[in-house]
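Enquirer: kindly return the folded structure for what I paste below:
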Amino acid sequence: MITIPKTYPLLFIALLTMVFMSMDLGRNFDIPNANQIEKGLVILWAMTTVALGRINWFAVVGYVLVSITIFISAVFTEYEYFDYKTSIMSYTQIVAILFFFIAVLEERYMVLCLKIISFAASIALVVGIIFMAAGYRELFKAEYATGVARFGGSTIPAFMAGLSIMSALTSLYLWLRYDHRFKYVFVISYLCLILTLGRMAILIGTILCYARFITFAGITKKTKVDVTIALFFLGIVGLAAIAPTMLERIENSGLSGRDILWHFVIYMINLYPDFGIGFGHQFLSTPEDIINMTASWSAHNEYLRVALEVGIIPSVFFFFFMFLTFMSPMLYFKRFDLFYFGAILLFFASCGTDNTISSPYMFLFLVSAYYIYALERYHDRRAIE
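Expert: A predicted model of the protein is given here:
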């Protein structure tokens, strides 16, 4: 009888997810419902981790409370165009990220996941080069609002930035803790992040990577000081190189049309303040003229989107319960960690400008931070033993 190692299903689904996300089937091949395919793979990946790991019941409680909040709003909404099918389909958006926190994996499984995630930006770069050679798309895309050329690899710059954040963070950690060869993956990933010119993305990626480096116990204080000084001067050179382009984005694009979308969403919130219009219904409510002006129908602000979809007061509970779910690993391991806590805060900060909860491109960096936190706990236990 042939036995399949438990790592194989996890390896297969995680790698398939990264490849499909890098392929960007919807934009490159006009495949209908490609977004659902990508999110479906992420959900399957998350469910695989639950099947392989121990259950963190603190996270389960948070997940259930978030679900109840969405259900109550669905029952009591007064929006005449509310559709349960749309609400259920959108509900899967939060299942993906929350499921990852329900599972407490063994070290080998988490290291495997981090290794695959670390190559996300590199895969997108290679696929992008292939697409460029085949005539599908260019590596650099002109921004809609300004015409500034931003690196997108095989997808759009915003998604490439998300892939680059998680790749840079995970490859840096793997380099420091497990394998020095990952330093090359880190350099490629971080350069990809810089070239995307994503303002919030570069801020989040830089803070996370530097925080992970500066708090890593295996590095001497002298090395940390020397690297900090070197990075300071390299940062000045780097900023000088990209400053003109970044300033052009800031001066000419502003919020890149988000302000128009936000005004409309706020208007809709005032119409349905109690229980909203239904989870997942925000993008359906956006008028065609606003879509034409902004080239987008998503709010790019999770706080406004959720407030519109479930109601103002329910949205407060929604985000509070999500916060508890993300904090649950520290309850499970009984150890506070400043790096991981900072990653949670950065996640919620990014919710103010992007579709962070609903997009795997945006939220997998927090899953990576969780695994890094857990791996450090396992390392601490071995050091004590």
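
Enquirer: low-confidence ranges in the stretch 201-350 of the chain?
Expert: Residue ranges of the stretch 201-350 of the chain with pLDDT under 70: 233-235, 237-258, 287, 289-297.

Enquirer: please enumerate the helices of it.
Expert: Under the criterion DSSP state H, counting those that start in this stretch, the stretch 201-350 of the chain contains helices at 221-253, 258-271, 282-285, 288-294, 302-310, 312-333, 338-350.

Enquirer: and among the ones you listed, the most buried is which?
Expert: helix 302-310 (a mean of 26; mean count of other Cβ atoms under 10 Å). C-beta: built from backbone N, CA, C; applies to glycine.

Enquirer: what helices or strands is the host helix or strand of Cys113 leaning on?
Expert: Assessed by DSSP states H and E, Cys113 sits inside helix 107-118. With contacts taken as 3 or more Cβ pairs under 8 Å, 6 or more residues apart in numbering; DSSP states H and E, helix 107-118 sits against helix 7-23, helix 34-52, helix 157-177, helix 182-196, helix 360-384.

Enquirer: just those helices: most buried one?
Expert: Comparing the helices and strands packed on helix 107-118 by mean neighbour count (mean count of other Cβ under 10 Å), helix 157-177 ranks first with a mean of 27.

Enquirer: report the inter-axis angle for that one versus helix 338-350.
Expert: 180 degrees (axes from the mean of the first three to the mean of the last three Cα atoms, to 10 degrees).

Enquirer: packing partners for helix 157-177?
Expert: On the basis of 3+ Cβ pairs under 8 Å, 6+ apart, helix 157-177 makes packing contacts with helix 7-23, helix 107-118, helix 120-134, strand 149-151, helix 182-196, helix 199-214, helix 360-384.

Enquirer: and it, how far out from the chain middle?
Expert: Put simply, helix 157-177 sits 11 Å off its chain's centre (Cα atoms, centre = their mean, to the nearest Å).

Enquirer: what mean pLDDT does it get?
Expert: When pLDDT is averaged along helix 157-177, the result is 95.

Enquirer: going forward, count from 21.
Expert: I'll keep to 21 as the first residue from here, and by that count the last item is helix 177-197.

Enquirer: returning to that earlier point: right, so of the helices and strands packed on helix 127-138, which gets closest to Thr106?
Expert: helix 54-72 (12.3 Å; Cβ to Cβ).

Enquirer: quick one: list the elements packing against that closest one.
Expert: Helix 54-72 packs on helix 27-43, helix 45-49, helix 104-122, strand 123-124, helix 127-138, helix 380-404, going by 3+ Cβ pairs under 8 Å, 6+ apart.

Enquirer: now the fourth one: average pLDDT?
Expert: Looking at strand 123-124 alone, the average pLDDT works out to 96.

Enquirer: and if you look at the longest one?
Expert: Confidence over helix 380-404 (mean pLDDT, whole number) is 91.

Enquirer: can the helices and strands packed on helix 54-72 go into CSV with extra columns for distance to Ala169?
Expert: Output for the helices and strands packed on helix 54-72, formatted as CSV (distance: least, Cβ to Cβ, whole Å):
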stretch, distance to Ala169
helix 27-43, 20
helix 45-49, 17
helix 104-122, 31
strand 123-124, 40
helix 127-138, 26
helix 380-404, 20
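
Enquirer: just tell me which of the ones you listed ends up closest to Gly73.
Expert: Gly73 lies closest, by Cβ to Cβ, to one member of the helices and strands packed on helix 54-72: strand 123-124, at 3.6 Å.

Enquirer: so how far is that closest one from its chain's centroid?
Expert: 19 Å.

Enquirer: show me the shaky parts of the stretch 21-170 of the chain.
Expert: 21-24, 163-167.

Enquirer: one more pass at 50, please.
Expert: The stretch 21-170 of the chain contains residues with pLDDT under 50 at 21.

Enquirer: next, count neighbours for His200.
Expert: Look at His200: counted by other Cβ atoms under 10 Å, it has 9 neighbours.

Enquirer: returning to what we had before: neighbouring contacts of the helix holding Cys133?
Expert: Applying Cβ atoms under 8 Å, 6 or more residues apart in numbering, the external contacts of helix 127-138 come out as 26-27, 30-31, 34-35, 38, 69, 72-73, 125, 186-187, 190-191, 193-194, 198, 202, 205-206, 209, 384, 388, 391-392, 394-395, 398.

Enquirer: please repeat the previous calculation with a cut-off of 6 Å.
Expert: Helix 127-138 is contacted by residues 27, 30, 34-35, 38, 72, 186-187, 190-191, 194, 205, 388, 391, 395, 398 when judged by Cβ atoms under 6 Å, 6 or more residues apart in numbering.

Enquirer: of the residues you listed, which is the nearest to Ile239?
Expert: Leu194 (14.7 Å).
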